[in-house]
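Trainee: I need the structure of the sequence given here:
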Amino acid sequence: MKSLIYKFPEFILDKYLAIVSFDSDSFLPTKSELNRGWIYENEIAYFDQITESELSQDSLFDIYDQWLIFDNRQRFNSMDIYVNFSGFSVDMNESRKTFELSVTKRFWNEVDQIKPQKFILNGDKFIIGTNNQMEFEKVKSIYSLNSKKHLG
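Mentor: Here you go, the predicted structure:
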């Protein structure tokens, strides 16, 4: 995830970030982070108009992270942490068990309700989604990812 942000910072710079999961749980901002503008509501950490300085903080990146990215300020009540599901995939056409497909359907239902412009899931699989086709193609050209375009 960190290399994506460093190679393609415009994917997130000046956007509105919501961290749903950090290392499989909530990202609880420190006092210093709160002083820099982080907000913590309903177990979700928000930063409005993310800056290069904020992205340079190593404390933002771990494994089993789940980020939603918005063009405008957005708050929502909750979202399940999907990176904790072993082998989670956003692909509805991937051959999987019924339970796994139901989790994927639940993910897409939540994305449809919350309406992020982008998402990054860094779990067993590294997954990005965007509603911007040019961004999607740029990321695909830089990386060989299991990535899906957000269909919203």
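
Trainee: give the residue spans of the chain that score low on pLDDT.
Mentor: For the chain, the stretches with pLDDT under 70 are 1, 95, 143-152.

Trainee: which residue is nearest the centroid of it?
Mentor: residue 67 (2.2 Å; C-alpha atoms, centre = their mean).

Trainee: which non-adjacent residue is nearest that one?
Mentor: residue 120 (4.5 Å; C-beta to C-beta, 6 or more residues apart in numbering). From N, CA and C alone the C-beta is placed, and that goes for glycine too.

Trainee: count of residues packed around that neighbour?
Mentor: 24 (other C-beta atoms under 10 Å).

Trainee: number the residues from 46 up from this point.
Mentor: That works, and once the first residue is 46, the last one we named lands at residue 165.

Trainee: which residues touch the host helix or strand of it?
Mentor: Assigned by DSSP states H and E, residue 165 belongs to strand 163-167. Residues from elsewhere that reach strand 163-167, judged by C-beta atoms under 8 Å, 6 or more residues apart in numbering: 46, 49, 56-57, 60, 108-114, 127-128, 133, 135, 156, 171-177, 180, 195.

Trainee: circling back: helices or strands up against whichever strand or helix holds the residue nearest to the centre of the chain?
Mentor: Using DSSP H and E, residue 112 maps to strand 110-115. Packing partners of strand 110-115 (3 or more C-beta pairs under 8 Å, 6 or more residues apart in numbering; DSSP states H and E): strand 61-66, strand 163-167.
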